[in-house]
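S.K.: with the sequence up front, the predicted model follows.
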Amino acid sequence: MSGIETTGSKRLVLISGRAHPELAQQIADELGSELVPTDARTFANGELYARYDESVRGSDAFVIQSHAAPINEWLMEQLIMVDALKRASAKRITVVSPFYPYARQDKKGRGREPISARLVADLYKAAGADRIMSIDLHAAQIQGFFDGPVDHLFAMPVLLEHFREKLDPSTLTVVSPDMGRVRVADIWSDKLGAPLAIIHKRRDPLVPNEVSVHEIVGTVEGRVCLLVDDLIDTGRTIVKAAEALKANGATGVVVAATHAVFSPPAVEILQNDSIDMVVVTDTLPVPPEKRWDRLTVLPIAPLLARAIREVFEDGSVTSLFDGAA
């Protein structure tokens, strides 16, 4: 039987959706566990189905799903898997969504808009989830949308380890691509011992995925600039920021992001001459056709596996993964 046995009847089981099975397998390998054999399928009319091939009664279950395109299908599959666990008498169900779906719709910017990130939290709760685990939420307030524990993990330690080896802090400037990322970029600058710069940009609310860069606050001339963001979608925003930095005398631009959404035509756009390197994690699948020579993909499974182990053993997740620590 799959899972980690402990004293008494406590048992950890790992469930994987079909969006990013490689990540789930890597997490299982890190934990020395196995994924529960699951019969997951899509019917001819698009309806989804999931059934577990072994008992999950009384287990501490973790349902791992990455929300890549088609995002609605994978969200629905995860909800169905949670429902199946609830009806099979799992003791506790944790939704592991490394990239939280609809996270960018976290508030009403204008009248008559939805708050879809809250709706997703309600759907998880209605399906039977007791707990949510996610990495680098687009807005920290999303934690308050779910009526239960939310483990908000940070990819910063994984990315920092890489950059400490690759970049010289004496010539480095950390850059926030917009005002909303300033707090995160400030922590990065503290960790790397590098100064901070901020790009002030304006976005037309009526034109999605388009941004106009205005002014840069801070010194970037003659510096290698590290642009830090939580996700890259089409890449247009980050490329405009990189072009502005190069136009203001930056000698190099390195981009760091947790979630490689890479919606078309991101791969073509990000190969722009203004960007020297892009570093992301594999919270979302990055297939060969979405990779190029200046892209580095860091494994996120060790971080998630450690968090899952702490939750399972009733340890402290905060002490391990607090982004401000």
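M.R.: Alright, I've got the coordinates. Numbering: from 1, shown residues only.
S.K.: regarding the spatially most central residue of the chain, what is its secondary structure?
M.R.: Closest residue to the average C-alpha location of the chain: Phe99 at 3.5 Å, with CA atoms, centre = their mean. Put simply, Phe99 is coil when judged by DSSP: H, G, I helix; E, B strand; the rest coil.
S.K.: who touches the closest residue to Met277 other than its chain neighbours in this structure?
M.R.: Residue nearest to Met277 in three dimensions, not counting chain neighbours: Val254, with 4.6 Å by CB to CB, 6 or more residues apart in numbering. For the C-beta atoms, the positions are set from N, CA and C on the backbone; glycine is no exception. By CB atoms under 8 Å, 6 or more residues apart in numbering, the contact set of Val254 is 163, 167, 224-227, 275-279.
S.K.: where do the domain boundaries of this structure fall?
M.R.: Split into domains by automatic domain parsing, the chain comes to 4-154+302-320, 156-298.
S.K.: let's verify Met76: helix, strand, or coil?
M.R.: When classified by three-state DSSP, Met76 comes out as helix.
S.K.: quick one on the thing from earlier: can you put the domains of the chain in CSV and add mean pLDDT?
M.R.: Shown next, in CSV, are these (pLDDT from 0 to 100):
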stretch, mean pLDDT
domain 4-154+302-320, 95
domain 156-298, 93
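S.K.: run the chain-centre distance for the helix or strand hosting Ile199.
M.R.: Under the criterion of DSSP states H and E, Ile199 resides in strand 196-202. Taking the mean of its C-alpha atoms, strand 196-202 sits 23 Å from the chain's own mean (CA atoms, centre = their mean, to the nearest Å).
S.K.: how about the contacts made by the residue nearest to Asp276 when sequence neighbours are not counted?
M.R.: Leaving aside its chain neighbours, Asp276 sits nearest to Gly252 (4.8 Å; criterion: CB to CB, 6+ apart). Counting by CB under 8 Å, 6+ apart, Gly252 touches 224-225, 276.
S.K.: Gly252 bridge partners, please.
M.R.: On the basis of DSSP bridges, Gly252 is bridged to Val224.
S.K.: do the one 5 residues further on as well
M.R.: When bridges are taken as DSSP bridges, the partners of Ala257 come out as Asp229.
S.K.: wait, it sits on Ile232?
M.R.: Yes. Under the criterion of CB atoms under 8 Å, Ala257 makes contact with Ile232 at 4.7 Å.
S.K.: what touches both of these two?
M.R.: In terms of CB under 8 Å, 6+ apart, Ala257 and Ile232 are both contacted by the residues 238, 278, 280.
S.K.: want to throw the residues you listed into CSV with neighbour count, distance to Ala266 and secondary structure?
M.R.: Putting the shared contacts of Ala257 and Ile232 into CSV (neighbours: other CB atoms under 10 Å; distance: CB to CB, whole Å; DSSP: H, G, I helix; E, B strand; the rest coil) gives the following:
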residue, neighbour count, distance to Ala266, secondary structure
Ile238, 26, 9, helix
Val278, 25, 10, strand
Val280, 25, 11, strand
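S.K.: and which of these is nearest Arg306?
M.R.: Ranked by distance to Arg306 (CB to CB), the shared contacts of Ala257 and Ile232 are led by Val280 at 19.8 Å.
S.K.: measure that closest one to Ile238 for me?
M.R.: 11 Å (CB to CB, to the nearest Å).
S.K.: same deal with Leu231?
M.R.: 10 Å.
S.K.: quick one: common contacting residues for these two?
M.R.: With CB under 8 Å, 6+ apart as the test, Leu231 and Ile238 both reach Ala257.
S.K.: about what we covered before: restricted to strands, list the contacts of Val254.
M.R.: Using DSSP state E, 224-227, 277-279 are the members of those that sit in strands.
S.K.: emit the ChimeraX select command for whichever of the residues you listed are buried.
M.R.: With 16 or more other CB atoms under 10 Å as the burial test, the buried ones among the ones in strands among the contacts of Val254 are selected in ChimeraX as follows:
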select :224,225,226,227,277,278,279
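S.K.: so which of the ones in strands among the contacts of Val254 comes closest to Lys191?
M.R.: Relative to Lys191, the closest of the ones in strands among the contacts of Val254 is Leu226; by CB to CB it sits at 11.1 Å.
S.K.: enumerate every residue touching the spatially closest residue to Pro265 that is not a sequence neighbour.
M.R.: What sits nearest to Pro265 in space, not counting adjacent residues and going by CB to CB, 6+ apart, is Thr234, at 7.0 Å. For Thr234, the contact set (CB under 8 Å, 6+ apart) comprises 209, 263-266, 269.
S.K.: quick one, helices of the stretch 1-150 of the chain?
M.R.: Along the stretch 1-150 of the chain, counting by DSSP state H, counting those that start in this stretch, helices occupy 21-31, 71-87, 116-127.
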